[in-house]
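>>> Predicted coordinates and the sequence they were generated for:
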Amino acid sequence: MSDLAVRFRAASASAETIFGRPPSTPAAMFADLAAYADAHGVEWDRYGERGAVAQLEAEVAGLLGKPAAVMFPSGVMAQQATLRAWCDRSGSRRVALPDLSHLVHHEQDGPRRVLGLELEWLTTGRETPTAEALARVGGRLGAAMVELPLRDAGCLLPTWDELVALSTSARDRRVPLHADGARIWESVPHWDRTLAEVGELFDSVYVSLYKGLGASSGALVVCSDDLAGELRSWRQRMGGTLFSMTTAAVGGLMGLQDLQRFGDHRTWAIALAAALRDQGFTTFPEEPHIATFLAYAPGTPDEVNERVVAFTEQRGVVPCGLWRAADVPGWVQTELTCHESAIARDPVEVAGLMAAAVGASRAGA
């Protein structure tokens with residue numbers, strides 16, 4: 001870890017954080033879980049059956065309009081198991097997915113090395129999935145996967161019409177269509193659609209319990225009853241049928257209580273992006289699709305991060321995360337995620353704090 005990163009972590013520990021989730025402690029989280037479990041009469045699961053896990057699976061399946069859901073201890077396991085099950089059914093190990101997919105960049109080549117999948121690029125770079133993109137991938141496919149939103153591209157989402165056309169094309173071609181919906185809770189406000197309307201377009205959808213809902217860990221895959229049976233077998237083969245997953249399941253149930261907040265977060269993020277552009281920053285997408293987006297400023301990572309760390313140390317406020325080099329030389333970028341701690345503030349005020357931290361003369365150049 002660099003000296004700047006060490007200083008930033010130390011300063012952030014006692015500072016007020018604007019973006020991301022407010023700091024917590026295990027004791028505080030356990031207390032919240034216990035209070036919810038007591039108030040709602042939560043019972044233990046055993047090996048992923050009954051109790052809180054069964055309750056969570058039923059609730060999430062209903063929200064996304066699917067007959068069944070299967071809980072996994074991690075999204076990595078959930079998605080790899082799902083793609084392998086589809087490929088076994090289809091008789092092909094070829095999976096079409098974005099080259100910026102989480103499976104490609106953050107799982108140490110697991111889909112290929114662990115499950116023997118053959119990956120084909122459905123999209124490259126900052127490209128959203130379309131029926132035309134699927135048509136360009138010839139030959140027999142075991143499955144196609146889209147990431148909603150495509151996080152490493154700035155949390156991009158296709159239009160609703162593009163998504164409907166892609167779904168129709170996949171079904172006409174008899175290619176199972178799977179959605180990496182880790183942030184699906186945050187995505188539906190962009191289309192002004194329900195979760196069930198989104199679920200109807202896919203044969204299976206993975207959802208995260210911690211990225212949006214704030215649980216300690218865990219994931220689910222919603223799908224048909226027969227695929228759910230196969231996924232439970234794969235979960236056991238991969239070592240994921242734990243003695244109990246009640247703690248994570250309760251966190252997921254708590255996070256489902258107020259899904260409206262994700263629309264509020266997105267609305268605030270759009271206002272912040274506009275205020276940042278007024279301060280001389282660039283944002284991508286220009287109007288955020290969800291409450292997470294990229295901000296750009298001129299400078300080098302070392303010089304910009306030195307100013308951000310000094311600002312945090314002096315002011316006791318974390319105005320943003322650290323910055324990294326952007327694709328364009330001489331520019332830096334950071335990811336901003338707007339949750340409760342951010343939207344309690346005026347977005348214009350937050351943009352001003354960021355400009356002061358990064359260096360107003362540089363951001364406005």
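Right, received. Where do you want to start?
>>> quick one: what helix or strand has residue 196 in it?
Counting by DSSP states H and E, the element that carries residue 196 is helix 195-199.
>>> Which strands and helices lie in contact with that helix?
Packing contacts for helix 195-199, counted by 3 or more C-beta pairs under 8 Å, 6 or more residues apart in numbering; DSSP states H and E, involve helix 51-63, helix 184-191. Yep, even glycine has a C-beta here, placed from its N, CA and C like the rest.
>>> what sits up against that helix?
63-66, 148, 163, 179, 181, 184-185, 187-188, 191, 205, 222, 259 (C-beta atoms under 8 Å, 6 or more residues apart in numbering).
>>> chain center to stretch 232-242: distance?
Relative to the chain's own centre, stretch 232-242 is displaced by 23 Å; criterion: C-alpha atoms, centre = their mean, to the nearest Å.
>>> Counting neighbours, which bits of the helix holding residue 196 end up buried?
For helix 195-199, a neighbour-count test (16 or more other C-beta atoms under 10 Å) marks 195, 197, 198, 199 as buried.
>>> Now flag whichever of these is closest to residue 125.
Closest approach between the buried residues of helix 195-199 and residue 125, by C-beta to C-beta: residue 198, at 24.0 Å.
>>> That closest one and residue 312: what is the separation?
From residue 198 across to residue 312, the span is 38 Å (C-beta to C-beta, to the nearest Å).
>>> Phi first, then psi, for residue 331.
phi -130, psi 150 (degrees, to the nearest 10).
>>> I meant to write residue 180 there.
The phi/psi pair for residue 180 (degrees, to the nearest 10) is phi -80, psi 90.
>>> Can you tell me the number of residues neighbouring it?
Each residue near residue 180 was counted by other C-beta atoms under 10 Å, and the total is 26.
>>> Identify the spatial nearest neighbour of it, chain neighbours not counted.
residue 147 (4.2 Å; C-beta to C-beta, 6 or more residues apart in numbering).
>>> quick one: contacts for residue 93?
Residues in contact with residue 93 (C-beta under 8 Å, 6+ apart) are 87, 116, 117, 118, 142.
>>> Look up the pLDDT of it for me, please.
According to the prediction, residue 93 has pLDDT 97.
>>> Quick check: it vs residue 114, distance?
Residue 93 is 12 Å from residue 114, by C-beta to C-beta.
>>> which residues touch stretch 129-140?
By C-beta under 8 Å, 6+ apart, stretch 129-140 touches 90-92, 94, 96, 98, 120-123, 127, 144, 146, 158, 162-163, 165-166, 168-170, 173, 175.
>>> run the last query once more with 6 Å
Contact with stretch 129-140 is made by 92, 96, 120, 122, 123, 144, 146, 158, 162, 165, 166, 169, as judged by C-beta atoms under 6 Å, 6 or more residues apart in numbering.
>>> No more questions from me, cheers.
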